[in-house]
Structures are given as structure tokens and as C-alpha cells.
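Participant: sharing a sequence plus its predicted fold:
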Amino acid sequence: MTTQAIPREPQQDRSRATRQRLLEAAIDCLASVGWTGTTVAVVAKRAGVSRGAAQHHFRTREELVTAAVEYGSDVRVDRVRERLYSLADERPSTLEVLTLLGEMYTSPLFRAALQLWVAASSDEQLRAQVVPMEARFGREAHRLTVEALGVDESVPGVRETVQATLDLVRGLGLADLLTDDSARRERLLRQWATTLDMALGR
């Protein structure tokens, strides 16, 4: 009588899955307990892996958290892009675009990024890693907004108007940190959608 070998998950796949759990746990920690409470040990425990396994992937807390926020930034953009594509061939209204951006800047992923920004503001080495990462995310968010609104940046003033929109929505995300600001945010986004349509000549 022979026993059939049970297929084992390839080492590379297990390693990738562990890394993914660590990144997601780090985002969760940053959003819920902040920078101070987000240690490699805490993240490892939340991810369900040993501290040694965590340090195999990320040698330091800074390395782990920076990778997590970069991953989270990509997820934020991808989620908005997926929502836009789900509208099929219909171009979303300006208000729909602003609402999606508002969700991107009020998610736990954004809260996690903010914790890293604050830490980087007083840590020169961390800031050197965060600045280029955030610049890349800013370019992606800008490109996505231009695409979603269907505007032409070669027209004078359009690029600045799009950037002002992103700055406004990010500011509204900051206002949501301490209290639920959703009702006020909705009113402001409705008004800005009208203003934006006028500015873009719609």
C-alpha cells in the first residue's frame, strides 16, 4: 500500500504570502496604534509569524513600514482605478470622481501613510526614503485623476486645477482623522464638483 505524497506549497509562494501578511499587518498597526506602537514584534504577532520570519523579510521597522506604505499606496490607486473601470463605458460624473478620491484619502491605508509622514518629518534617513515614494504616488494619483475627469492638461490652468483638487481632497482626509467629517466632506465635494465643472468649461 502506497501513500500519495501531499503537494507542498512552494517555498517561494510561502515566502510571498508571509511578506504580504506582514505588509497588511503593518498597515493595520500604523492605522490603529500609530508609529510608536508599530514595532516589528507587534506586526509579526498580528501577521501570525515569528519575529525571526519578519526580520528575514525586513531587517528594521523602517524598512517594514516604508514597504507597507508603498504597498498601501499602490492599493489605494488600484482600488480607485478598478471602481472607475467598473463603470464600463460610462464616463463618471465629476462628483463621482471626487467621491472616489475622497474614499482614497480617508481609508486606513491613508491613515497609515500619515503616520509614516509624521515620523519622517523628524527622521532624516526615513524622510529620504519616504519623499521619493510619496512623489511617485502623487504622480500616479494625478495621472489617475486626469484620466477619470477626461481633461486635457495641455490647456492652460488644467494641470493646476487637477492638482488643487487633489490637495483639497487630501486636506479633507486630514480633517477626518479625529472625528467623522463625512457630512461636511460630502457638502464640500458637491460644491467643488460644480466649481470644477465651471473651471473646466463643462
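Facilitator: Looks like it came in fine.

Participant: C-alpha from now on. contacts and neighbour counts both.
Facilitator: Will do.

Participant: what bits of the chain have low per-residue confidence?
Facilitator: Applying pLDDT under 70 to the chain picks out residues 1-9, 88-89.

Participant: spatially speaking, which residue is in the middle of it?
Facilitator: What sits nearest the mean C-alpha location of the chain, by C-alpha atoms, centre = their mean, is residue 73, with 3.1 Å.

Participant: does it really touch residue 137, like I thought?
Facilitator: Yes: using C-alpha atoms under 8 Å, residue 73 makes contact with residue 137 at a distance of 6.5 Å.

Participant: now for the nearest residue to residue 108 once chain neighbours are set aside: which residues touch it?
Facilitator: Distances taken as C-alpha to C-alpha, 6 or more residues apart in numbering put residue 31 closest to residue 108, at 5.5 Å, once the chain neighbours are dropped. The contact partners of residue 31, by C-alpha atoms under 8 Å, 6 or more residues apart in numbering, come to 108, 109, 111, 112, 115.

Participant: I'd assumed residue 97 was in contact with residue 189.
Facilitator: No: under the criterion of C-alpha under 8 Å, residue 189 lies out of contact with residue 97, with a separation of 9.9 Å.

Participant: which of those two has more neighbours?
Facilitator: The residue with more neighbours, out of residue 189 and residue 97, is residue 189; 23 against 20, by other C-alpha atoms under 10 Å.

Participant: and that one, what does it touch?
Facilitator: 95, 98, 99 are the contacts of residue 189 under C-alpha under 8 Å, 6+ apart.

Participant: please identify which helix or strand holds the last one.
Facilitator: Put plainly, it is residue 99. helix 94-104 (DSSP states H and E).
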